[in-house]
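*Asks:* Fold the following for me, if possible:
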Amino acid sequence: MSARGFVIAAPTSGAGKTTVTLGLLRALKRRGIDIRAAKSGPDYIDPAFHEAACGSPSVNLDAWAMPPDALRGRAAAQGGALLLVEGAMGVLDAGRDGRGSAADLAEILGLPVVLVLDVAKSGQSALLPAVGLQSLRPKLPLAGVILNRAGTESHAELAAKPLAAAKVPVFGALLRDTALHLPERHLGLVQAAETEGLDTFLEHAADRVEAAIDLDALVGAAQPLASAGDLGGFPRLTPPGQRIAVAADPAFAFAYPHLLADWRAQGAEILPFSPLDDEGPAPLADSVFLPGGYPELFAGQLAAASRFHALMRAAVDRGALIYGECGGFMVLGEGLVDAEGTRHEMLGLLPHSTSFRQRRLTLGYRRLSPLPGAPWSATLLGHEFHYATIQSEGAADRLFEATDAAGTRLAPMGLHIGRVSGSFAHVIGPA
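*Replies:* Okay, here's the model as predicted:
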């Protein structure tokens, strides 16, 4: 029997989608429902919170970078009885070509949308996003809304009345609560593994959701997932080796679970190690993956990790393929300047230095055409989101030619020397 589900979305970022999602996941789990989660788009951070809330791994479902059969297959592979998909940004926000929104994902999966409406600064006008979505996307089922951050019960009633008149179901209203706040930093929430008192927060969020939201009505509004067809019939990224050492700790936490799962499914072995614990790749590894994360916050510790440095150089010497993306690319370089302006020596395997003191936001989807020497030869789809900048570069070949989501040509990206390569792009999968 196919799982049922819905998509939690909002008109804008910052409306409280993640808090509501986490409260729902924990509350439904406490009810004994076999609840699973997924995240729309390329976000690395929220899925770990989903897992903490419901006890099962979450997965990214990216409607820009994944074809419909892959989205349906990955959603179905989550299993469980009920799938809760958290949207990204606003419900219609997408890539520069207009594709990839949470609304697009909901339509592909055949799931209705539940809108979280932040009514902190509105009353009857809370109706507008709901009826606007119905007007702009008439084929997209709107299951109803959850009002968030109401000041009082009477404020919530004021916002709910015109919605009810427009026949938009209101599942409930959460009042403002300063305890329903998670700490943030420059790339989003502080990571789940670093958030003190997370389980206490999740229990409190679930308590508030239980008290304020009609969970029976919400679960009843879920719809079956669209048929997935052949769960293994979509393209997957080829593993860069047979035994892949993957850096995995708070400095290197941004490895997509679906990529690691796909590599395992193709017969590769994943060998995790922690540079922050001064570990390095296993001697039997024939490839090393340094994912993105927060090396700028741990630059001094990484610079002092002598065993990590030595084992990475040993991997290069024995001919292992070394690939780093975003934060991993920064660590492959010669130096990293932190927010205070202090330079820390990195691995020195690529001739560049990066700076987190000289910041510039770079954000967007990327179509990547590998150049000779890259770990892959076919066109890739990926994403950039970073504030760090290149401070200096030496002689090396470029890794990718690149365009943005609208097809605008960008400067060639990344560097490679021999079997060592990296760039600021996070690869999501094959085009």
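
*Asks:* can you give me how far stretch 129-144 is from the chain middle?
*Replies:* 25 Å (CA atoms, centre = their mean, to the nearest Å).

*Asks:* Likewise for stretch 146-161?
*Replies:* On CA atoms, centre = their mean, the centre of stretch 146-161 falls 30 Å from that of its chain.

*Asks:* what comes up buried for it?
*Replies:* By neighbour count on 16 or more other CB atoms under 10 Å, the buried set for stretch 146-161 is 146, 147, 148, 149, 150, 155, 156, 158, 159, 160. All C-beta atoms are positioned from the backbone trio N, CA, C, and that covers glycine.

*Asks:* what does that stretch rub up against?
*Replies:* 15-16, 19-20, 114-120, 122-124, 126, 170-176, 213 (CB atoms under 8 Å, 6 or more residues apart in numbering).

*Asks:* So for that stretch, mean pLDDT?
*Replies:* The average pLDDT within stretch 146-161 is 96.

*Asks:* How about stretch 321-330?
*Replies:* 98.

*Asks:* Okay, now the unreliable bits of this protein?
*Replies:* Across the chain, the ranges flagged by pLDDT under 70 are 1, 185-187, 230-232.

*Asks:* Torsion angles phi and psi at the nearest residue to residue 123 once chain neighbours are set aside?
*Replies:* Among residues not flanking residue 123 along the chain, residue 158 sits closest, at 4.6 Å (CB to CB, 6 or more residues apart in numbering). Backbone torsions of residue 158, given as degrees, to the nearest 10, read phi -60, psi -40.

*Asks:* quick revisit: would you check which pair of the buried residues of stretch 146-161 lies furthest apart?
*Replies:* 146 and 158 (15.9 Å; CB to CB).

*Asks:* Please identify the helix or strand for the closest residue to residue 122 other than its chain neighbours.
*Replies:* Excluding the flanking residues, the one nearest residue 122 by CB to CB, 6+ apart is residue 159, at 6.8 Å. Residue 159 is part of helix 153-165 when elements are defined by DSSP states H and E.

*Asks:* Just the CA coordinates for the helix or strand following that helix, please, in CSV.
*Replies:* Proceeding N to C from helix 153-165, the next assigned helix or strand is strand 170-175, under DSSP H and E. Output of strand 170-175 as CSV, limited to C-alpha atoms (Å, rounded to 0.1, in the frame of the first residue of the first chain):
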residue,chain,number,x,y,z
VAL,A,170,-7.8,25.9,9.3
PHE,A,171,-6.2,23.0,11.1
GLY,A,172,-5.3,25.1,14.1
ALA,A,173,-3.3,28.1,15.4
LEU,A,174,-0.1,28.2,17.3
LEU,A,175,0.4,31.2,19.6
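
*Asks:* Okay, angle between strand 170-175 and helix 153-165 too, please.
*Replies:* 160 degrees (axes from the mean of the first three to the mean of the last three CA atoms, to 10 degrees).
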